[in-house]
Structures are given as structure tokens and as C-alpha cells.
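Visitor: After the sequence you'll find the predicted model.
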Amino acid sequence: MPALSEPHPSLQIFNTLSKRKEPLRTVVPGTVGIYLCGPTVYDKAHIGHMVGPVIFDCMKRYLTYCGYDVTWVVNITDVDDKLINKAAERGISMLEVAEENIADYQSNLTALGVDQVDHFPRATECMDDIIALIRELIDSDYAYAAEGDVYFDVSQDPDYGKLSNRKVDELQGEGGSMGERKRGLADFALWKAAKPNEPAWDSPWGPGRPGWHIECSAMSKKLLGPTFDIHGGGLDLVFPHHENEIAQSECCHHQPMVTYWAHNGLLRAAAAAGKVGGRSERAAEAPATARAAVPTDEASGKMSRSKGAGGLAELIARQSGERIRFFLLRTHYRSTVLFNEPAIQEAGTGLESFYRFFKRYQRITGNSFFDICPPTSRATGGVEASASALHQEITTSRDKFLAAMDDDFNTGGAIGELFELLRKLNKYCDENSLEDSQPQPALLESFHQGATVLRELTSILGIFGQPPATGGAADDQLLGQLLQLLIDLRAAARANQDFATADTIRDRLAPLGIVLEDRAGGTDWSGGDAESVEGLLQLLIELRQTARAAKDFATSDTIRDRLATAGILLEDRAGGTEWSRTPTS
RNA sequence: GGCGCCGUGGCCAAGUGGCUAAGGCAUCGGAUUGCAAAUCCGACAUCGGCGGUUCGAAUCCGCCCGGCGCCUCCA
């Protein structure tokens, strides 16, 4: 076993094996191999499945930023009893079940901004590796075949239990029919003989399929080697899954499987016991006819949606992947996170402050924050601290941010520092009136550099990569046109000291989720969606009626003409004014 | 029964031996604004309870109370 690299000067990782934080030392200097246990794809993903991917995505981004060449593997278990059952239940093949849920899983990952995964190995694509590993274990007497099954002989491994702090003779083991074929209760299956009509692969022990644990030993070895740097997964996998992985791999290779075991905390449903997607929840869910059904009684504690186990795609549609990502990153990854939708909503409120700043940046510099290309490495990032008071503040914030990340990827602490940096930048805008007059180029440059550091740091967390996705382009355009018209009408009213009309416009917009902000250079708006359009038109029609009643035909005609330009036709009838969309071609 | 985790302001959440306990959300003042919104400034907790170690503890130890996880498929 070759010696590990020199430790990183500041980065520490908590290791489940030693139960303490340790400096990062890698197997190969300058590179990091990460393996994260991915899903068993027998059903749609729930939000609990996203915790690991999101934090490990940040880990890879940070390690890359720190100069490492990182390879990240997330395996997919696509052969398993539950897949077989699901396929039988639905009358489709196991492969079809897997394909469907892999697509769901990956689209969820994409929505949450998880795009750093290098390999998604599938168990069914690694059968040769799995069988080879089992054969080696049998040859060296760590495993034995029994009636078409193969079991790992736990009694042969003196280290068994070192990860989860368990003693072999205290383990309960599985009962049932398999128990008769096992030599020891704690022994676990490496290969399971196929029953009639089950999917099966040929092996020296007869047709069958691999056990769950051996897949990960085989896939991690294949892609990362017999010893690699970081192995991740949920805390619930420590025993038996990871314990068994260690047993298999280390008995086979006679060297450490993994240097750092990193386990993320589990998501817990607020106001109810049990982790999201856990056993108690599934039991409670069983009587329900449709798991994706809208909860009928929030107080019953049996809701699926608010516990997050169902409808991740729907949750993402309601809240956006970025909000969910930000919500997850606010808490340290080893902590239990209490999940509930209002909390995600609240995280989104915090996120809005950043988006308002991005607009401010655009107003001041004329450029999009999202077009800033920040330094992508720790060595080249940051600003000259001595250049100005602002730069010193920025440097302090950046140092604190990096110190938090160095401390076992403390994203919660890092995010706190991000808000500090945001406040400093806003204050700088205020104090130097960057929006009002023609600011000095030097002030502008300092400001730009501060924004660049903000972009540098947020990129590490994988947030604000791109402007938020908007709805349909056509509706967006109409919404923009209607609001510009309303803003113009309001500006005219304000110019005439007609604050009643001006305030009416703003007040009527609020219930539609649209907020107006008056600034030196004009009025900004935010919020609103396709559903706001009808309300806006109703308001415009009323404003036009008021203008007509006051014989202010210039205004009323302006409204009608500009609506026509926007593709809305107004028709005055006896009972009132009706609107319709002009057919588009 | 065995192994383990957690309990910080109204809510969420950093901090795990030493300046006035980050930050977010909410609330209340102030600046700013025609009024708002946004932004900035300020207010708001002695860290579940008790006892101990220490010059010094939210941070270490013990006990108690409360919440949760694993020991079985599970991210």
C-alpha cells in the first residue's frame, strides 16, 4: 500500500471510520476519486435521494477549485428484488422499470444543478467484474457457494464491523430460507440464485444475480481502483451496506478500500417521525390508493407530498431545483435536515436578495452577472486586498467562506458569509451612489471585482450558474409588454402628481405577485407569470374606462393602441370591454 | 437490548475551550422614498436542565429531561 500524499494545508474531511476530521491526503497526489452510492431504481426518486448528490456535487466543485483532478462515480443499482417485483407488478421488464426511473433520477439531478458526475455505472453492465470479484473471494475462502447462492463468510474477516462499530456475534442476521444455507447468521449474499422466470446472468454457481453489496465493491474497483479516496452515501448505509463493501473489497485486495468514508445526514419529515421515504412512512402509505395524491389531511401526519417522498418532479416544478439545492446546502451535510415545503420557500426568499443584486449589477455595469467569468481556482481567485477598503472586506469574506468549506465542507457557514458579502456590495453601491450619477471608473472597477468574487464563490456551491429559467417565451414577452405599458401609465400619472392612480396601479399589481420598484433610472418590476396576464388586462381595461370617463382620450387610445401592438384586441361593447388575442401567425 | 446522533433568539441555522454567540426568515425602529418596494443602519438569544473539570465552556465530563437514527430493503 503506497503512502498517501502530503496533506492539504487546510482542507479537513470528517471520516466515519475514525469518527473525526482529518486533513485530506490522496492516494495519487493531485487527484481525488469519489464514489457515491446511488439509487436502486425501482421507483421514482424522492427528495431524500438528492441530499448526497447535491453535497457531493459541491465537494467535487470545491476540490476541483482547490486544484484537484476529481473523478466522481455514482452507481445505479438496476438489478434487485424490488426491481423484479416492480416489473412483475406492472407487467413490464426489469430493464424498462430501470430505464424509466433512471431517466427520472437524472432529470431531477439536472434540475438541482448536479452536473459533476463523471460515471453512472450500472450493475447490469458490470457483471463480469462482479463475478470476477466473487470468484476471488471464494478462491481465498472468504466466501462460499451454497445451492446456487454465494455468501460472504463474515467469520473469516477479523476487521468486520470496524466502520459501524459492531461485533459479529451481536448481529441478528437474516432469518428465513436463506438462513439455512448460511454458515453464520451475519453472512450476507454475494450472489443469489435465480428463481424461475427471474432475470438471470450465468455464473460459475449457476444462473442468478448479484447481491447489493458486491456491486459497489466491483464498480468502485473498476472505475477508481482497489483503493480510492472518498466513499459517500447516506448515514443509513453505514450498516450493513458499507460495512459489507469494506469486508468484500479489503479481503479481496488486502489493502484499504477507501481513505475517507463520508456520510450525509438523512432528511426527516417535519412534524413526523421517520426519515423521508423510510419504513414507517411506507407503511403508512400502503393503504393509500395513489402515493402521488394530494394530501387530504395535512394534520394527519400521513401525507406523502409534504413528507417529500412522492412527486419530486412536482416539488421541483413548484419550487425550482435551485431553491431545493440552496435549502439543502444551508445545513451541514452531516446533520439531519427537517424537510418541509415552507422551509424551501423561505430559502427561496433568501435567494431573491441575490437575484435583486444581479439586476442591480446589470443596471450599474450594463453587463449580466451571469456573464462574469470568475477565476476557477483557489490560487488565482480573490482580489488585491490592499487596493481599497472594499477589497479588504471582500478578501475577509472570501477567506471566511473558504475556511468554512475547508472545515468539512461547511456549506451552511459558507452561505452565511455569502450574505455578508452581498450586504457589503450593496452598501458599496449605496455609499458611492453607483446607480445615480456617472460613477468613477475606479469605483466601478472595484465593484465589478467584488461581484466577480461573489460569482467565484457561488460557483463553488453550484448556484446562480445561469439566469433562472422563465416560462414560455411568448407569454413572457406579452407580460413584459403589458407591464411596460402599466409602468409608463403610472409614470405619466406620477408626473401629473396623480398619486391615486399611480398607487392604484402598484397596489393592483401586488396581488398578482408583481412588485414595482422605483429607481433613479426608471421603474423595475419583478414577479408575475402567464397567469398574471388576465389580471393585467383587466386592470388596463379599467384604467382605460377611467380615462374615457374623464375624457382623457389620449390615454385611453394609447392603451388600446399599445395592446394592439402586443397582440391584444379590445372591443367595447354595451356590457363592457372584452379582450381577445390576435391570432399569431 | 446493542451502537450512535441531536437539543443555540419566534422559526431555520453556523459556531465544538477564550474578543461584544455568524447568517437567513419574521418582527420592531431609523435613513431613503410623493407613498411604497428595494437597499443600508439599528433592536431582538448566554446556547434543554442540573452538577463537575478549567483562570475561562454553548463548546470537555457526568447525570437527567426531550427529539431522532441504525441494528431489516433504504440516499
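Guide: Yes, it's here. Keep in mind that this is a model prediction, so the values were computed, not measured.

Visitor: A:Pro39 touches A:Thr77, doesn't it?
Guide: Yes: taking contacts as C-beta atoms under 8 Å, A:Pro39 lies within contact range of A:Thr77: 7.0 Å. The way it works is simple: take the backbone N, C-alpha and C, and place the C-beta from them, glycine included.

Visitor: List the contacts of the closest residue to A:Gln156 other than its chain neighbours.
Guide: Spatially, and ignoring its direct neighbours in sequence, A:Gln156 is nearest to A:Tyr142 (5.0 Å; C-beta to C-beta, 6 or more residues apart in numbering). Going by C-beta atoms under 8 Å, 6 or more residues apart in numbering, A:Tyr142 touches A:Phe152, A:Asp153, A:Gln156, A:Asp157, A:Ala247, A:Gln248, A:Cys251, A:Cys252.

Visitor: Ramachandran coordinates for A:Ala98?
Guide: Note on A:Ala98: backbone dihedrals following degrees, to the nearest 10 are phi -60, psi -50.

Visitor: Which strand residues bridge the closest residue to A:Val117 other than its chain neighbours?
Guide: Nearest residue to A:Val117, sequence neighbours excluded (C-beta to C-beta, 6+ apart): A:Val74, at 5.0 Å. Per DSSP bridges, the residues bridged to A:Val74 are A:Leu36.

Visitor: Does A:Val74 touch A:Phe120 like I think?
Guide: Yes: the criterion here is C-beta under 8 Å, and A:Val74 meets it with A:Phe120 at 5.6 Å.

Visitor: between those two, what contacts are shared?
Guide: A:Gly38.

Visitor: More neighbours: which of those two?
Guide: A:Val74 (26 against 15; other C-beta atoms under 10 Å).

Visitor: Please report the distance of the more buried one from A:Lys222.
Guide: 14 Å (C-beta to C-beta, to the nearest Å).

Visitor: How about the contacts made by the residue of the stretch 201-350 of chain A found nearest RNA strand B?
Guide: For the stretch 201-350 of chain A and RNA strand B, the shortest gap (C-beta to the nearest atom of the strand) falls at A:Gly234, measuring 2.6 Å. A:Gly234 makes contact with A:Cys37, A:Gly48, A:Val51, A:Gly52, A:His263, A:Asn264, A:Leu266, according to C-beta under 8 Å, 6+ apart.

Visitor: close enough to count as contact, the third one and A:Arg325?
Guide: To tie it back to what came earlier, the one meant is A:Val51. No: with contact defined as C-beta under 8 Å, A:Val51 does not reach A:Arg325; the gap is 10.4 Å.

Visitor: So between the two, which is more surrounded?
Guide: Ranked by neighbour count (other C-beta under 10 Å), A:Val51 and A:Arg325 place A:Arg325 first, with 25 against 21.

Visitor: unless I'm mixing things up, the more buried one is touching A:Gly113, no?
Guide: Yes: contact status for A:Arg325 versus A:Gly113: in contact at 5.4 Å, counting by C-beta under 8 Å.

Visitor: Spell out which residues are contacts of both of these two.
Guide: In contact with both A:Arg325 and A:Gly113: A:Val54, A:Gly462, A:Ile463, using C-beta under 8 Å, 6+ apart.

Visitor: Can you classify the first one as helix, strand or coil?
Guide: Pointing back at A:Val54 there. helix (DSSP: H, G, I helix; E, B strand; the rest coil).

Visitor: Grab the nearest non-local neighbour of it.
Guide: Nearest non-adjacent residue to A:Val54 (C-beta to C-beta, 6+ apart): A:Leu328, at 5.0 Å.

Visitor: swap in the second one?
Guide: If you skip the residues right next to it in sequence, A:Gly462 has A:Gly113 as its closest partner in space, 4.7 Å away by C-beta to C-beta, 6+ apart.

Visitor: do you know how far the one you found is from A:Lys221?
Guide: With the distance defined as C-beta to C-beta, A:Gly113 ends up 29 Å from A:Lys221.

Visitor: and if you look at A:Ile246?
Guide: 13 Å.

Visitor: cool, and A:Gly480?
Guide: Applying C-beta to C-beta, the value for A:Gly480 to A:Lys221 is 55 Å.
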